[in-house]
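Novice: Kindly return the folded structure for what I paste below:
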Amino acid sequence: NARAERAKRTVVEGTRTLLAQAGLPAEFWTYAVRCFCLLRNTSRIDGFSPWVQRHGKAFKGSRIPLGAKVPFLPDKRRANGRHKFGSKLADGIFLGYKLGYGGKLHGDYIVADLEAFSGDGDVATIHPIITKDVRWNYDVHGVSFPLREAHDAKASLSSPAARFMVRDGCHHVDRTPGPT
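Specialist: Numbers count the residues shown, from 1 in each chain. Reported below is the predicted structural model:
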């Protein structure tokens with residue numbers, strides 16, 4: 001029972017850390033838990049990963065962190081408002097992977113349009129899409145978390161009593177005294 005409880009705690013803490021790193025609200029926990037588990041299961045330790053042990057071959061997908069800004073090709077309905085000679089790619093927020101039966105990856109990624117997050121903050125207005133057309137390359141794009149940047153900017157403008165922060169994917173309490 002202790003092993004099961006520890007495994008559950010690892011998933012809960014990992015999910016919480018991904019949400020904080022991404023700057024996503026807690027309502028996105030279902031995406032975060034699935035993304036955490038897949039990234040953990042595709043991590044190689046001593047040359048092996050749970051993915052390789054289960055599927056017999058290396059993970060072929062891009063290992064993208066939850067909440068990262070990714071360029072993607074929107075469907076025709078979403079692309080209608082774009083200029084004819086403008087880029088066909090849109091900026092999106094990566095929300096995870098869509099796995100098929102047996103936990104197999106068919107190249108489907110879950111993305112939400114970055115512009116959808118610029119509204120009033122109502123999570124119900126964000127409609128993620130499943131697409132194969134994510135054009136993310138770490139060497140070219142690096143990693144940026146635009147929602148975290150916006151979240152951190154809001155937090156810095158809020159009450160000086162709020163001294164909780166996230167650094168390097170971990171939770172820290174800033175114990176420096178605030179203004180008196």
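Novice: C-alpha from now on. contacts and neighbour counts both.
Specialist: OK.
Novice: Please enumerate the helices of this structure.
Specialist: 2-22, 29-41, 50-55, 76-79, 138-141, 146-157 (DSSP state H).
Novice: Which of those comes out lowest on mean pLDDT?
Specialist: Of all the helices of the chain, helix 76-79 carries the lowest average pLDDT, namely a mean of 60.
Novice: among the helices of the chain, which is nearest Ile110?
Specialist: helix 29-41 (8.8 Å; Cα to Cα).
Novice: Grab the most central residue of this structure for me.
Specialist: Leu66 (1.2 Å; Cα atoms, centre = their mean).
Novice: show me what contacts it?
Specialist: 18-19, 22, 32, 35, 93-96 (Cα atoms under 8 Å, 6 or more residues apart in numbering).
Novice: quick one on the thing from earlier: make JSON lines from the helices of the chain and add mean neighbour count and distance to Val123 to it.
Specialist: Below are the helices of the chain laid out as JSON lines (neighbours: other Cα atoms under 10 Å; distance: least, Cα to Cα, whole Å):
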{"stretch": "helix 2-22", "mean neighbour count": "17", "distance to Val123": "14"}
{"stretch": "helix 29-41", "mean neighbour count": "19", "distance to Val123": "12"}
{"stretch": "helix 50-55", "mean neighbour count": "15", "distance to Val123": "32"}
{"stretch": "helix 76-79", "mean neighbour count": "10", "distance to Val123": "19"}
{"stretch": "helix 138-141", "mean neighbour count": "9", "distance to Val123": "27"}
{"stretch": "helix 146-157", "mean neighbour count": "15", "distance to Val123": "13"}
